[in-house]
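In: Need the 3D shape of this:
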Amino acid sequence: MRKLAAIVFILSIITQSIFAASPSLGSIIPRGGKRGTEVDLNFNGDRLSDAVEILFYSPGFRVIELTPGGSPKHLKVKIAISPDAELGEHLMRVRTKSGLSGVKSFWVGQFETTEEVEPNSDFKEPQSISLNSTIEGILENEDIDYYLVEAKKGQRISAEVEGIRLGNSFYDPYLAIMNMDRFELSVSDDTALLLQDSTTSIVAPEDGKYVILIRESSYTGNGSCRYRLHVGSFPRPIAVYPAGGQKGSDLKVNLIGDPMGKSELTVKLPDSGVSEHKIFSQSDNLLSPSPNKLRVSNYPNAMEVEPNDNRAQSTIVKTPLPVALNGIINKDGDHDWFKFTAKKGQRFILRAHAKSISSPLDPVVNLFGPDNKQITANDDADNKQDSKIDFTAAVDGEFTIRIRDHLGKGGDNYIYRIESEPVSPSLALTIPYFGRADYQSRQMIYVAQGNRFVTRINAARSNFGGDLVFEANDLPQGIKLISHGMNSSINTGLISFEASPDAPIGGKLINLVARHTDSEKNISGHFSQPLDFVLGAPNNTVYYKTHAKKLAVAVVEEVPFKLNIIPPTVPLVRNGTLGLKVVAERKEGFDAPITVRMLWNPPGIGSQPTMQIPKGQNEITYTINANSGAALKTWHMAFMGESTAGNGQILASTELTPVTVAEPYLGMKIEMAAVEQGKDGVVICKLTHATPFEGKATVKLLGLPAKVTTTEIEIDKSTEEINFPISIASDSPKGQHKNLFCYLNIPESNTLIPHNVGHGGVLRIDPPPKKPAPAAPKKEAPKTVAKVVKKEKPLSRLEKLRLEAKNK
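Out: Residues are numbered from 1 along each chain as shown. Take a look at the predicted model:
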């Protein structure tokens, strides 16, 4: 017996170790590297020992060597960065044999990287570095890092930090360039160009040494406050004007904010449908570490002509809308006015871009009609500081638009661009967050061999309606997409990825696309994953985010269970319930509990969020319900199974299973009943049949108050009235009870269809009538009391004589 128990125990351990769980990725160190070089990276996380690939979201990277780090928590990777890899942020994730990690960023620079060497917190003993180098360091609590460079008079000294943009933690870097007398020649805290990150530049006033200071602005750093500091003679414009142009055009722009002065550049804008184009300023073969961004539109520019500070001086827009209005609020108190023509019924979205193009301007836009009366105004829109107006011309005529800064500020870099977009359809796909502020979990698809992975998908339609279909044409070998589309009444649904048992283990970054079912409308949208890398107070405000514009999909090693739904043979009726039987197929030796999670409830359908298949058991019945307004449709529903193997989670989904919502087979009206306490009565229910059924249905009267009893009744398809006998206890609660309804089980296809009907029935319990009051006792007649005549006192002889004398 002991031997058998030992075998079972060993088998359990082996089973747990065979089936690995999906990896997690916490950090990549160092946080960046020079393009055209090879870089050794340390990936830190968990369950990384079976890593086989790094998935890069952008070109220019190649893995030379991938070596487990001697612990499941570490992975060593040597990569080669292409000489033409784009400067700035790139995204990657780890693929293991058992899953996919979350996304982390990696930054590419143009300079050799130098590590910070402590101590370097004393101005008198700064760390010496070469001009045109990148330093990777950490700002601890109350830490200040000093770096020493040498420059010639007239030479540009620029410093730019990647801090909060590294996505490690919320902090606010501060930069200063100082001379050896500790005088700050230039400082930078926050910038419109780089958010909380800083950049600053000077022209060296003399030959000599200069000190670069970097610290956390409030001195509250910690071990996660990493930075990449670029120090060199590279150009650093902080604004570009105009901030966009028409696609395919050659756009001449002014680069503003570099200490060497303004410069001009001609940019060839792309012909494709992108809305944004990056430009890197160049001088003496050196590039700005991060780009300036240009808007790309389908229509031409109109440039402000100064003066245009009031309505009378409005810049006349000669080009019919749509057009992009470009200008600069170049001084405090400045207002810019434009005048344009529109026809009655024309509709445009007037969107003022400022923050979105790295301008410090906080735009306020006012729109006026041909009569010079204000039509509307806007400050912030779409939870952003930029403005938007949905404009429909009520008449033919000339309209004016005014733009200013919310606080009345202005400057050379207070650039704006007001785009007049025609109202057009758009579509965007996302996977909803699994938990609050959780932008990583279950944002990828990893399907075990011979199994399924179902995910919710959100489709944000704008300016159109209609049904959608989903496509994924570049899936890994052995995986197929199963989708039943998304009808026009909903904006979220389910799609399933299924892997064949012999699908080779592998993964790809794919384009997931949704299209309108009417191909002539030419409406489509792509998947994108928001990456809220840095959150902070209040309420998990997003301080830095980017997007991964492809969906990671992988085939992984088999997991020790598979879930199936036994397809229901009967509908889910409105105001009814339906039990879905979920069955687990377990591998030998695997008996761990399996959490079964409802992935999505269609409109009007409800359920509890999870149930559990207990240890060693194989099935549960998961009850769902429909309210009275549930759409009469067939929906496809699925569950996700969650269990553990080793020290991580493993996932497998059921198939997409059709569930049909139908009208109840019968309706019911419960007539009001009134019964005295302590007596018996009847509750009468009138039936109306909608769908015939065979056999006997059972009916229970529910919602009765305490100490009121009744019996279960059977009916058939011919029953038109039910009389429920009820017994009322003498101490049952009196008054009106308005929550009566009936629960029916109607037989069909060897199962039962639960109904809840007759809602709102009323039972009135009355107190017994009062007994007649007993007759009042007769009052006895009062006894007659003989009147006592008082005897008068006889008169004396003298009194008699006086009386006689008086009467004479």
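In: where exactly do the helices run in the stretch 1-150 of the chain?
Out: 2-18 (DSSP state H, counting those that start in this stretch).
In: Listing request: residues of it with sub-threshold pLDDT.
Out: Within the stretch 1-150 of the chain, the stretches falling below the threshold (pLDDT under 70) are 1-20.
In: hmm, try it at 80
Out: Judged against pLDDT under 80, the low-scoring parts of the stretch 1-150 of the chain cover residues 1-20, 69-70.
In: residue ranges for the strands of it, please.
Out: Assignment of strands within the stretch 1-150 of the chain using DSSP state E, counting those that start in this stretch yields the ranges 24-29, 32-34, 38-46, 51-56, 61-68, 74-81, 88-96, 99-100, 104-109, 113-115, 127-128, 133-138, 144-151.
In: for the first one, packing partners?
Out: Using 3 or more Cβ pairs under 8 Å, 6 or more residues apart in numbering; DSSP states H and E as the contact criterion, the secondary-structure elements in contact with strand 24-29 are strand 38-46, strand 88-96, strand 104-109. Bear in mind the C-beta positions are built from the backbone N, C-alpha and C, glycine included.
In: Residues contacting it, please?
Out: Defining contact as Cβ atoms under 8 Å, 6 or more residues apart in numbering, one finds that strand 24-29 is touched by 41-48, 92-94, 101-102, 104-106, 168, 648.
In: next one: the last one
Out: With contact meaning Cβ under 8 Å, 6+ apart, strand 144-151 is reached by 116, 120-123, 125-131, 135, 137, 139, 157, 204, 207-215, 229, 231, 233.
In: tell me which residues in it are buried?
Out: Residues of strand 144-151 classed as buried: I144, D145, Y146, Y147, L148, V149, A151 (neighbour count, 16 or more other Cβ atoms under 10 Å).
In: how about the nearest residue to the fifth one, chain neighbours excluded?
Out: The one in question is L148. Nearest in space to L148, with sequence neighbours left out and distances taken as Cβ to Cβ, 6 or more residues apart in numbering, is P126 at 4.1 Å.
In: cool, and the last one?
Out: Take A151 and drop its neighbours on the chain: the residue closest to it by Cβ to Cβ, 6+ apart is A204, 4.2 Å away.
In: Pull the number of nearby residues for that neighbour.
Out: Other residues lying near A204 total 21 when counted by other Cβ atoms under 10 Å.
In: residues in contact with it?
Out: Neighbours of A204 in contact, by Cβ under 8 Å, 6+ apart: A151, K152, K153, G154, Q155, R156, I157, Y210.
In: Quick check: the gap between the first one and N132.
Out: The reference is to A151. When distance is defined by Cβ to Cβ, to the nearest Å, A151 is 11 Å away from N132.
In: Name the residues contacting each of these two.
Out: With Cβ under 8 Å, 6+ apart, A151 and N132 have common neighbours S233.
In: Can you check which of the strands of the stretch 1-150 of the chain gets nearest to T541?
Out: strand 104-109 (19.6 Å; Cβ to Cβ).
In: Which neighbouring elements make contact with that closest one?
Out: Contact partners of strand 104-109 among helices and strands, from 3+ Cβ pairs under 8 Å, 6+ apart: strand 24-29, strand 32-34, strand 88-96, strand 226-232.
In: Please name the strands paired to that strand in the sheet, noting orientation.
Out: strand 32-34 (parallel), strand 88-96 (antiparallel) (DSSP bridges).
In: For those, please prepare TSV with the additional fields distance to A503 and mean neighbour count.
Out: Below are the strands paired with strand 104-109 laid out as TSV (distance: least, Cβ to Cβ, whole Å; neighbours: other Cβ atoms under 10 Å):
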stretch	distance to A503	mean neighbour count
strand 32-34	34	23
strand 88-96	14	23
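In: could you pull out the strands for the stretch 701-808 of the chain?
Out: For the stretch 701-808 of the chain, the strands identified by DSSP E, counting those that start in this stretch occupy 708-709, 713-715, 721-728, 735-748, 751-766, in order along the chain.
In: G257 is nearest to which of these?
Out: Using Cβ to Cβ and comparing the strands of the stretch 701-808 of the chain, the one that lies nearest G257 is strand 751-766, at 68.4 Å.
In: what angle sits between the closest one and strand 721-728?
Out: For strand 751-766 against strand 721-728, the angle by axes from the mean of the first three to the mean of the last three Cα atoms, to 10 degrees is 50 degrees.
In: Let the chain start at 18 from now.
Out: In the new count, where the first residue is 18, that last one comes out as strand 768-783.
In: Run the chain-centre distance for strand 768-783.
Out: Shown here is strand 768-783, whose average C-alpha point lies 40 Å from the average C-alpha point of the whole chain (Cα atoms, centre = their mean, to the nearest Å).
In: Ok, stretch 467-486 next?
Out: Computed by Cα atoms, centre = their mean, the chain-centroid distance of stretch 467-486 equals 15 Å.
In: Just name the most buried of the strands of the stretch 718-825 of the chain.
Out: For the strands of the stretch 718-825 of the chain, average neighbour numbers computed from mean count of other Cβ atoms under 10 Å are highest in strand 768-783, which has a mean of 19.
In: Tell me which of the strands of the stretch 718-825 of the chain lies nearest to I333.
Out: Between I333 and these, the shortest separation by Cβ to Cβ is 66.5 Å, and it involves strand 768-783.
In: Report the beta-bridge partner residues of the closest residue to T715 other than its chain neighbours.
Out: Nearest-residue entry for T715: N762, 5.0 Å, with adjacent residues in sequence omitted and distances by Cβ to Cβ, 6+ apart. N762 has the following beta-bridge partners by DSSP bridges: T715, P771.
In: Same list, the helices and strands packed on strand 121-126, but as TSV with distance to Y431 please.
Out: Formatted as TSV, the helices and strands packed on strand 121-126 follow (distance: least, Cβ to Cβ, whole Å):
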stretch	distance to Y431
strand 41-46	37
strand 49-51	32
strand 105-113	25
strand 243-249	26
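In: So for G482, which of the ones you listed sits nearest?
Out: strand 105-113 (33.4 Å).
In: which residues touch I743?
Out: So, once contact is read as Cβ under 8 Å, 6+ apart, I743 ends up touching A690, V692, D697, G698, V699, V700, L718, L721, V725, T726, T727, L780.
In: Which residues are in contact with the residue nearest to L165?
Out: For P143, the contacting residues are N137, Y163, Y164, L165, V228, by Cβ under 8 Å, 6+ apart.
In: Which of those sits closest to I499?
Out: Of all those, Y164 has the smallest distance to I499: 56.4 Å, by Cβ to Cβ.
In: nearest residue to the closest one other than its sequence neighbours?
Out: Computed as Cβ to Cβ, 6+ apart, the closest residue to Y164 that is not its neighbour in sequence is I229, at 4.5 Å.
In: since we're on the one you found, how many residues are nearby?
Out: Residues near I229, counting by other Cβ under 10 Å, number 23.
In: before we move on, back to that, wait, which of the helices and strands packed on strand 121-126 is closest to L492?
Out: Between L492 and the helices and strands packed on strand 121-126, the shortest gap by Cβ to Cβ is with strand 105-113, which sits at 14.5 Å.
In: how far does that closest one sit from the chain's center?
Out: Going by Cα atoms, centre = their mean, the spacing between the C-alpha centre of strand 105-113 and its chain's C-alpha centre is 22 Å.
In: same check, this time on stretch 617-628
Out: Chain-centre distance of stretch 617-628: 19 Å, with Cα atoms, centre = their mean.
In: CA atoms only: put that stretch into PDB for me.
Out: Output for stretch 617-628, consisting of C-alpha atoms alone and laid out as PDB, is shown next (Å, rounded to 0.1, in the frame of the first residue of the first chain):
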ATOM      1  CA  TRP A 617     -18.300  36.800 -21.900                       C
ATOM      2  CA  ASN A 618     -21.900  37.200 -21.200                       C
ATOM      3  CA  PRO A 619     -23.900  38.500 -24.200                       C
ATOM      4  CA  PRO A 620     -26.400  41.300 -23.500                       C
ATOM      5  CA  GLY A 621     -29.200  40.300 -21.200                       C
ATOM      6  CA  ILE A 622     -27.400  37.000 -20.200                       C
ATOM      7  CA  GLY A 623     -25.900  36.700 -16.700                       C
ATOM      8  CA  SER A 624     -23.900  34.200 -14.700                       C
ATOM      9  CA  GLN A 625     -21.400  34.000 -11.800                       C
ATOM     10  CA  PRO A 626     -17.900  34.900 -13.000                       C
ATOM     11  CA  THR A 627     -16.200  31.600 -12.100                       C
ATOM     12  CA  MET A 628     -16.900  28.100 -10.800                       C
END
